[in-house]
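Asks: got a sequence here, can you build the structure:
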Amino acid sequence: MAAPGITIVAVTKTATVQQTSELYSAGCRVFGENRVRELLSKYEALPKDIEWHMIGHLQTNKVKHIAPFIHLIQSADSPKLLDEINRQATRFGRIINCLLQISIAEEETKSGMDPADAEHLVISGEIQKWKNISVRGLMGMATNTPDREKVREEFRTLHQLYLKLQKSNFTDPSFKILSMGMTQDWKIAADEGSTMVRIGSAIFAGD
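Replies: Numbering: from 1, shown residues only. The predicted structure is shown next:
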């Protein structure tokens with residue numbers, strides 16, 4: 001489905017354990033969940049070589065439940081949340097991979113850091129205080145609109161920030177993930193530099 005070099009995260013928000021298992025049997029190993037409760041139930045029921053991504057809004061009091069096994073938290077959207085992820089990662093003796101979720105949409109329901117705040121966090125070096133977190137890149141969700149040019153511009157803005165942070169004084173070579181694009185807009189995201197797309201309904205509903 002996605003272009004070569006782009007990782008597909010199969011979003012299991014609307015999928016049952018059985019449907020997820022069938023996709024696993026077909027060879028998929030990267031899955032994303034929006035809610036901690038569903039993530040935990042599927043983690044317990046499915047093989048342990050799955051790379052689980054937390055892609056929905058994450059409350060600080062829920063971090064402890066996923067910290068022992070989560071592969072990537074894509075929705076790290078505040079210093080407060082990063083503090084707690086780092087605390088729980090230290091507790092479990094892990095380095096937890098995270099993406100900084102950036103606000104690029106004109107929708108209050110979508111979380112994310114202000115781009116300027118994220119830029120300061122990285123370029124100032126403050127981000128390096130979280131010793132048990134590896135910030136692997138950025139994530140963003142475009143406005144849910146039929147205006148494809150608006151979506152394209154939002155993705156382009158995020159890509160520009162991603163490139164700027166890659167070239168900053170923050171020199172972590174693992175900073176190489178740009179997660180943007182879902183079922184309805186992944187093709188635009190791919191055109192604008194996405195390295196990871198989150199696909200749910202197109203996989204499980206056949207859209």
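Asks: and the contacts of the lengthiest strand in the chain?
Replies: Criterion DSSP state E: the longest strand present in the chain is strand 133-140. Outside strand 133-140, the residues that touch it by Cβ atoms under 8 Å, 6 or more residues apart in numbering are 55, 72, 74-76, 82, 85-86, 89, 95-105, 112, 118, 122, 127, 154-155, 158, 161-162, 165, 172, 174-180, 195. Every residue, glycine included, has its C-beta placed from N, CA and C.
Asks: kindly recompute the last result at 7 Å.
Replies: 72, 74-75, 82, 85-86, 89, 95-102, 104, 112, 127, 158, 161-162, 172, 174-180 (Cβ atoms under 7 Å, 6 or more residues apart in numbering).
Asks: quick one: which of those sit in helices?
Replies: 82, 85-86, 89, 158, 161-162 (DSSP state H).
Asks: skip the chain neighbours and tell me the closest residue to residue 39.
Replies: Once flanking residues are discounted, residue 39 sits nearest to residue 33: 3.8 Å by Cβ to Cβ, 6 or more residues apart in numbering.
Asks: quick one, phi/psi of that neighbour?
Replies: phi -130, psi 150 (degrees, to the nearest 10).
Asks: with residue 183 instead?
Replies: Per degrees, to the nearest 10, the backbone of residue 183 is at phi -50, psi -40.
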